[in-house]
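Q: Predicted structure and sequence below. I'll ask about it afterward.
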Amino acid sequence: MNVDYINPFLDATINVVETMAFIKPQQNGKPYLKKREDLTKGDVTGVIGLTGHEKGSIAVSFSKKCILRIIKGMLGEEKYYIDVEVRDAVGELTNMIAGDGRRILSLKGYNFEASIPMVIVGLNHYIEHKTKGLIIVIPFKIEDNPFFVEACFESPVQQ
């Protein structure tokens, strides 16, 4: 995977969450490689496929407490469970993160198109990235509530 692909999506994640929910996420530890068979650590995940310069996908997986905190910042209302409105917000956040990351990448000459985001709900769910590349996970937190950005692209790691 070309490491140039990762940072734009991390910057986009911080920018979108901060802009939409008025909360600045913080990186929560070092990025790591995820095994394909591992379950995600979140309760709700938005996944979006990417094509163009290369095939790949981005997933943003939120703990329940984290996404409910983001929703409170976005909508100004308290939610207590992951309902249709929360799932829709996860899809839209994923779409905005992918869009902003793609915008940043286009400035570097990498052009990507995105699919429609898919949202998966449930503790210990599995995310199937469609390419066979490495899956890099970047942990974030809002207050003490974790969320994770996963990136998977077709090519081998390049420095």
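A: Here it is on my side, so go on.
Q: Return the residues in contact with the most centrally placed residue in the chain.
A: The centroid of the chain falls nearest to V60 when counting by Cα atoms, centre = their mean (2.4 Å). Residues counted as contacts of V60 (Cβ atoms under 8 Å, 6 or more residues apart in numbering) are 13, 45-46, 90, 93-94, 97, 147-150. (C-beta placed from N, C-alpha, C; glycine too.)
Q: Tell me how many other residues crowd T19.
A: 11 (other Cβ atoms under 10 Å).
Q: so where does G91 fall, helix or strand?
A: Assigned by DSSP states H and E, G91 falls within helix 84-107.
Q: Let me fix that, I meant to ask about I71.
A: Assigned by DSSP H and E, I71 belongs to helix 64-75.
Q: for that helix, what is the average pLDDT?
A: Averaging pLDDT along helix 64-75 gives 96.
Q: buried sites along it?
A: 64, 66-71, 74 (16 or more other Cβ atoms under 10 Å).
Q: And for stretch 107-122?
A: Across stretch 107-122, burial judged by 16+ other Cβ under 10 Å covers 110, 112, 114, 117, 119-120.
Q: In this structure, what residue spans correspond to strands?
A: 26-27, 32-34, 44-52, 56-62, 112-114, 118-121, 135-142, 145-153 (DSSP state E).
Q: Let's test this: mean pLDDT of the fifth one, rounded?
A: Meaning strand 112-114. Mean predicted lDDT for strand 112-114 stands at 94.
Q: Against N95, how distant is T131?
A: Distance of T131 to N95, given as Cβ to Cβ, to the nearest Å: 20 Å.
Q: now swap in A89 and tell me
A: Where N95 is concerned, A89 sits at a distance of 11 Å (Cβ to Cβ).
Q: More neighbours: which of the two?
A: Between A89 and N95, A89 has the larger neighbour count (other Cβ under 10 Å), namely 24 against 17.
Q: was I right about the more buried one contacting I67?
A: Yes: A89 is in contact with I67 according to Cβ atoms under 8 Å; the separation is 7.5 Å.
Q: Who does I136 form a beta bridge with?
A: Beta-bridge pairing of I136 under DSSP bridges involves L33, A151.
Q: okay, now it: neighbour count?
A: Counted with other Cβ under 10 Å, the neighbours of I136 add up to 20.
Q: Please apply the same query to K30.
A: Neighbour tally, K30, other Cβ under 10 Å: 8.
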